[in-house]
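Visitor: Have a look at this fold, sequence not included:
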């Protein structure tokens, strides 16, 4: 589990930031950067988590989803597993942290379900939205960074990492292209919350863009000098 076990209690409600996008676009790298930025530049208590996963129960379900054969689950079974993991993640990690005044950064959340299971598999979007209302309630990210890159480039990057959690990377290219277009539609239909970022640019350029968007969105004042590259 990526989320930290202990968090420092601060006044007010925390903020919820998510990173979305296809495989290999750099979500993990940039979310780790943002965690460091919040803590060092703004002295904001923050945790980093992920989906599927982010709590003990959700991490166990994660292994059922990201390993094994591509056809291990049919689309509906996979979707229900994802929502079961999200329910535990929301209840045990995200909501308690936000209530304690801690900012939460999540590497994937509900937009990935819409893009992968909705646009990728073709599961009814209204069904997914209704199910999410029961699972997540009114919880919605305050800000979402959607990292965008050609799906074939992202898959090559992801497969080059190696490891056993490669089930989604091995899906056919058409699936990933449909998911990519899904993310673009999500960004276009949620301009208040979503920021679409070109992930083919140099890493430092992407970092600076994320930093600038963060400051603008939350009207933050830097306490310390920006972290070095």
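Guide: Thanks, I have the structure now. These numbers were taken from a predicted model, which means no experiment stands behind them. Numbers count the residues shown, from 1 in each chain.

Visitor: tell me the mean pLDDT over stretch 102-110?
Guide: The pLDDT scores in stretch 102-110 average 98.

Visitor: Strands along this protein, start to end?
Guide: For the chain, the strands defined by DSSP state E occupy 16-21, 46-50, 103-107, 143-148, 194-198.

Visitor: which one of the ones you listed lies closest to residue 164?
Guide: Residue 164 sits nearest to strand 46-50 of all the strands of the chain, at 16.1 Å, using CB to CB. (Glycine included, C-beta is placed from N, CA and C.)

Visitor: Now do the closest one: which elements does it pack against?
Guide: Other helices and strands packing on strand 46-50, by 3 or more CB pairs under 8 Å, 6 or more residues apart in numbering; DSSP states H and E, are helix 27-41, strand 103-107.

Visitor: mind redoing it with 10 Å?
Guide: Applying 3 or more CB pairs under 10 Å, 6 or more residues apart in numbering; DSSP states H and E, we find strand 46-50 packed against strand 16-21, helix 27-41, helix 56-66, helix 95-99, strand 103-107.

Visitor: okay, now residue 151: neighbour count?
Guide: 21 (other CB atoms under 10 Å).

Visitor: need the helix or strand of the protein with the lowest average pLDDT.
Guide: Within the chain, no helix or strand scores below helix 151-161, which has a mean of 69 by mean pLDDT, DSSP states H and E.

Visitor: remind me which residues of the chain are low pLDDT?
Guide: Applying pLDDT under 70 to the chain flags residues 1-11, 154-160, 162-163, 224-229.

Visitor: Quick test: name the residue nearest the centre of it.
Guide: For the chain, residue 108 is the residue whose C-alpha lies nearest the centre (CA atoms, centre = their mean; 1.8 Å).

Visitor: Provide the backbone phi and psi angles at the nearest residue to that one once chain neighbours are set aside.
Guide: Leaving aside its sequence neighbours, residue 108 sits nearest to residue 51 (CB to CB, 6 or more residues apart in numbering; 4.2 Å). Backbone torsions for residue 51, taken as degrees, to the nearest 10, come to phi -130, psi 150.

Visitor: Leaving out sequence neighbours, find the closest residue to residue 33.
Guide: Nearest non-adjacent residue to residue 33, counting by CB to CB, 6+ apart: residue 207, 5.5 Å away.

Visitor: shouldn't the residue nearest to residue 108 be in contact with residue 85?
Guide: Yes - with contact defined as CB atoms under 10 Å, residue 51 reaches residue 85; the gap is 7.0 Å.

Visitor: Overlap in contacts, the two.
Guide: 58, 62, 65 (CB atoms under 10 Å, 6 or more residues apart in numbering).

Visitor: any chance of the residues you listed in TSV, with neighbour count and distance to residue 152 too?
Guide: Conversion of these to TSV gives the following (neighbours: other CB atoms under 10 Å; distance: CB to CB, whole Å):
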residue	neighbour count	distance to residue 152
58	25	30
62	22	25
65	19	23
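
Visitor: Make JSON lines from those residues and add distance to residue 220 to it.
Guide: Formatted as JSON lines, these follow (distance: CB to CB, whole Å):
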{"residue": "58", "distance to residue 220": "30"}
{"residue": "62", "distance to residue 220": "32"}
{"residue": "65", "distance to residue 220": "35"}
